[in-house]
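1. sequence? don't have it. structure:
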DNA sequence: TCGCTTGTCTAGCGGTGCTAGGATCGAGTC
DNA sequence: GACTCGATCCTAGCACCGCTAGACAAGCGA
């Protein structure tokens, strides 16, 4: 059985290599540059190998998105646990969110802009995505205010952050005023 | 000179036909279905004709975006001028914005999700885009609150609407709670 | 050592955006 | 009214895309 185990280990390692390489390539040159040919060349295998791991390019994007979601959830939790008062927690959360989006644009796109074939807001939503939303909910729920459902508040706050992140990166909003925008958002939305 | 004028008229008409057809096709089957071949077939010309009007597919998307921006600006102004008090104006504005995005998803994508090669937030931003932002600013500036720059407030409010619009349509947010989300957003952000 | 499964690669399909170069048509001139 | 010539349009094709069928080789168990 040891032979089979070794093969499975190697296969899993190659799958991680594919996802990591796709992410790297996307961050370097954008998702348009992530073609199956280029990706195959970078991992030093032929194209069809990709299809023995993933159903298609969509699934590869989805895998990068899941990686990113786990990372983002960890970053959000780290940021909010470093602050002790609710107001500071929410501000740190917002800054961290926008920072993550700005520093990992391709991953952010995989999560929220591109079609990675993932289910959202439903029962079979993958765990990392649920967990990322949960990380938001933990810090935002406590500042929702009386009579406002924490999940609803989180959705609205999240949408605002998402809007800022995407519009800024696409050049629809000038990048320099990010900080006052965050402060305005926290001041008005959060009940502290 | 009359012959030349007629030709120019016909040329302009064909250009409008291209844009309208691209928009129609995109709304019917999504932007992925808008290929230069299909578009050419629909307007009953060959592919290269498209390239005598536009530099490429990007510019066609950009043209649809400009059309959409003008339409959206008109819709926003109509909605806010129908309400007399600031609070009602902002609510109507927000509902109209989200409604436009939901009813014209392909046009909304052309404006804010896809690359139409347009300049944003700069001096050479096309007039329709500036005007759409101006329409937002007219209603939102008056509820920015003391000491908050109207443009900054408009940007934040707009980003929130954009986030709600895109996340909802992409299935990232359940669609049924749109109305309470809008109310929460207006309640908290607008100073009335 | 042999047969066979498993894994990988080469080659190719139908599609994409875009363009070079030849055919055609019609306006202006004699 | 015939002719020239430039504008206009189309056919054909390029390089690339995601994806897959089928040939081939490597390594396992008997």
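-> Perfect, I can see it now. These numbers come from a predicted model, not from an experiment. Residues are numbered from 1 along each chain as shown, chains lettered A, B, ... in the order given.
2. does chain B sit close to the longest helix along chain A?
-> Looking across chain A with DSSP state H, the single longest helix is helix A:2-29. No: figure legend: helix A:2-29 not in contact with chain B (CB under 8 Å from any CB of the partner chain); closest approach 14.9 Å. For the C-beta atoms, the positions are set from N, CA and C on the backbone; glycine is no exception.
3. in terms of secondary structure, what does that helix contact?
-> helix A:36-42, helix A:47-53, helix A:57-81, helix A:105-112 (3 or more CB pairs under 8 Å, 6 or more residues apart in numbering or on different chains; DSSP states H and E).
4. would TSV of those helices with mean neighbour count, mean pLDDT and distance to residue A:21 be doable?
-> Conversion of these to TSV gives the following (neighbours: other CB atoms under 10 Å in any protein chain shown; pLDDT from 0 to 100; distance: least, CB to CB, whole Å):
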stretch	mean neighbour count	mean pLDDT	distance to residue A:21
helix A:36-42	16	97	5
helix A:47-53	14	97	10
helix A:57-81	20	98	10
helix A:105-112	23	98	12
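5. including distance to DNA strand C, could those helices go into CSV?
-> Formatted as CSV, these follow (distance: least, CB to the nearest atom of the strand, whole Å):
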stretch, distance to DNA strand C
helix A:36-42, 7
helix A:47-53, 4
helix A:57-81, 12
helix A:105-112, 20
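6. on that earlier part again, what angle separates the longest helix of chain A from helix A:105-112?
-> Angle between the axes of helix A:2-29 and helix A:105-112 is 110 degrees (criterion: axes from the mean of the first three to the mean of the last three CA atoms, to 10 degrees).
7. would you reformat the helices and strands packed on helix A:2-29 as CSV and include distance to residue A:93?
-> Output for those, formatted as CSV (distance: least, CB to CB, whole Å):
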stretch, distance to residue A:93
helix A:36-42, 34
helix A:47-53, 35
helix A:57-81, 5
helix A:105-112, 16
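8. and of these, who's closest to residue A:27?
-> Residue A:27 lies closest, by CB to CB, to one member of those: helix A:105-112, at 4.5 Å.
9. could you see whether DNA strand D lies near the closest one?
-> No: Helix A:105-112 does not reach DNA strand D (CB under 7 Å from any atom of the strand); its nearest approach is 13.7 Å.
10. mind putting the helices and strands packed on helix A:2-29 in TSV, distance to chain B included?
-> As requested, those are arranged in TSV below (distance: least, CB to the nearest CB, whole Å):
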stretch	distance to chain B
helix A:36-42	17
helix A:47-53	21
helix A:57-81	11
helix A:105-112	7
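11. find the nearest non-adjacent residue to the residue of chain A found nearest DNA strand C, please.
-> Using CB to the nearest atom of the strand, the single residue of chain A nearest to DNA strand C is residue A:46, 3.3 Å away. Excluding its sequence neighbours, the residue lying closest to residue A:46 (CB to CB, 6 or more residues apart in numbering or on different chains) is residue A:40, at 5.8 Å.
12. now swap in residue A:131 and tell me
-> Nearest one to residue A:131, counting by CB to CB, 6+ apart, is residue A:73 at 4.8 Å.
13. helix A:57-81 and the helix or strand of chain A with the lowest mean pLDDT, what's the angle between them?
-> Every helix and strand in chain A was compared by mean pLDDT, DSSP states H and E; the lowest is helix A:2-29, with a mean of 90. Here helix A:2-29 runs at an angle of 80 degrees relative to helix A:57-81 (the same axes, to 10 degrees).
14. secondary structure class for the closest residue to residue A:120 other than its chain neighbours?
-> Nearest residue to residue A:120 in three dimensions, chain neighbours excluded: residue B:172, at 4.7 Å (CB to CB, 6+ apart). With DSSP: H, G, I helix; E, B strand; the rest coil as the basis, residue B:172 sits in coil.
15. what about residue B:172, distance to residue A:152?
-> Separation of residue B:172 from residue A:152 (CB to CB, to the nearest Å) stands at 15 Å.
16. out of those two, which sits in the more crowded spot?
-> The neighbour comparison of residue B:172 against residue A:152 (other CB atoms under 10 Å in any protein chain shown) goes to residue B:172, with 21 against 15.
17. how many residues are close by residue A:131?
-> 17.
18. so it sits against residue A:72, correct?
-> No: the pair residue A:131 and residue A:72 does not pass the contact test of CB atoms under 8 Å, sitting 9.4 Å apart.
19. residue A:142 contacts residue A:85, doesn't it?
-> No: applying CB under 8 Å as the test, residue A:142 and residue A:85 come out as separate, 10.5 Å apart.
20. okay, the two: which has more neighbours?
-> Between residue A:142 and residue A:85, counting by other CB under 10 Å, residue A:142 is the more crowded of the two (16 against 9).
21. what residues are up against that one?
-> A:86, A:150 (CB atoms under 8 Å, 6 or more residues apart in numbering or on different chains).
22. so which residues on chain A come close to DNA strand C?
-> Residues of chain A lying near DNA strand C (CB under 7 Å from any atom of the strand): A:7, A:11, A:45, A:46, A:47, A:48, A:49, A:52.
23. tell me who's in contact with the second one.
-> To tie it back to what came earlier, the one meant is residue A:11. Going by CB under 8 Å, 6+ apart, residue A:11 touches residue A:53.
24. what do you get for the fifth one?
-> With CB under 8 Å, 6+ apart as the criterion, the residues that contact residue A:47 are A:36, A:37, A:40.
25. look up how far residue A:96 lies from the residue lying closest to the second one once chain neighbours are set aside.
-> Distance criterion CB to CB, 6+ apart; nearest residue to residue A:37, sequence neighbours excluded, is residue A:47 at 6.1 Å. Here the distance between residue A:47 and residue A:96 works out to 38 Å (CB to CB).
26. can you check residue A:11 too?
-> Counting by CB to CB, the gap from residue A:11 to residue A:96 is 35 Å.
27. what of residue A:144?
-> Distance from residue A:144 to residue A:96, by CB to CB: 19 Å.
28. next one: residue A:54
-> Taken as CB to CB, the span from residue A:54 to residue A:96 is 30 Å.
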